[in-house]
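A.B. asks: turn this into a structure:
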Amino acid sequence: MRELILMRHGKSSWDDPSLDDFDRPLAPRGRKAASRMGTEIAARGWLPDHVVVSAALRTRQTWRRVATELGGAAPRPQYDETLYMASADRMLAIVRAVPADVSRVLLVGHNPGMEDLARGLAGPGSDAEALAAMRAKFPTAALAGFELDGGWAGVGFAAARLRHFLRPRTLD
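C.D. replies: Numbers count the residues shown, from 1 in each chain. Coordinates of the predicted model:
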């Protein structure tokens, strides 16, 4: 069994309107939420073997905050420029390219692609409560945890089971 964690970046700052969207940093609320989610990932034992992060500043900062909470066990991330504002199909292609020996992947990206991918992956056997919460809203710093059978190369839509949907606000 393989596990896939999809995480949306933390809340970004709009304090400097001259910044390009790609270069927007995390807002204080986003920094706090990213750290909180990292704490939760560590507490639940969901240490990823492989991490793919959008190259945008706010996603890199989100990962760094998560990684800090994972301690020295956090893997080195792969920064992927094509993950910035990627479609669900593009994100799925990134997941399919994960090395076969990896058992748990964390993907840190952006909406609407992240939410579209999460909704698309959720197939039969998904947790009904988690699915309802995810369908209602996929806010910043939220994460969706999936289980899937088979290898990464063959993963497709409706082929995974949503097991968890966590939002920072519901963890405090």
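
A.B. asks: where does this structure have low pLDDT?
C.D. replies: Applying pLDDT under 70 to the chain picks out residues 172.

A.B. asks: for it, which segments count as helices?
C.D. replies: According to DSSP state H, the chain carries its helices in the segments 28-43, 57-70, 88-96, 113-121, 128-136, 168-171.

A.B. asks: which one of these lies nearest to residue 21?
C.D. replies: Among the helices of the chain, helix 57-70 comes nearest to residue 21, with 9.2 Å by Cβ to Cβ. From N, CA and C alone the C-beta is placed, and that goes for glycine too.

A.B. asks: between the helices of the chain, which gets nearest to residue 80?
C.D. replies: That would be helix 88-96 among the helices of the chain, by Cβ to Cβ, at 6.4 Å.

A.B. asks: can you lay out the helices of the chain as JSON lines showing mean neighbour count?
C.D. replies: Supplementary listing: those in JSON lines, determined by neighbours: other Cβ atoms under 10 Å:
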{"stretch": "helix 28-43", "mean neighbour count": "20"}
{"stretch": "helix 57-70", "mean neighbour count": "22"}
{"stretch": "helix 88-96", "mean neighbour count": "18"}
{"stretch": "helix 113-121", "mean neighbour count": "22"}
{"stretch": "helix 128-136", "mean neighbour count": "15"}
{"stretch": "helix 168-171", "mean neighbour count": "14"}
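
A.B. asks: let me have the ones you listed in CSV, extended by distance to residue 103.
C.D. replies: Shown next, in CSV, are the helices of the chain (distance: least, Cβ to Cβ, whole Å):
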stretch, distance to residue 103
helix 28-43, 15
helix 57-70, 16
helix 88-96, 13
helix 113-121, 17
helix 128-136, 21
helix 168-171, 25
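
A.B. asks: residue 151: which of those helices is closest?
C.D. replies: Per Cβ to Cβ, nearest to residue 151 of the helices of the chain: helix 88-96, 9.0 Å.

A.B. asks: fine, thanks again, bye for now.
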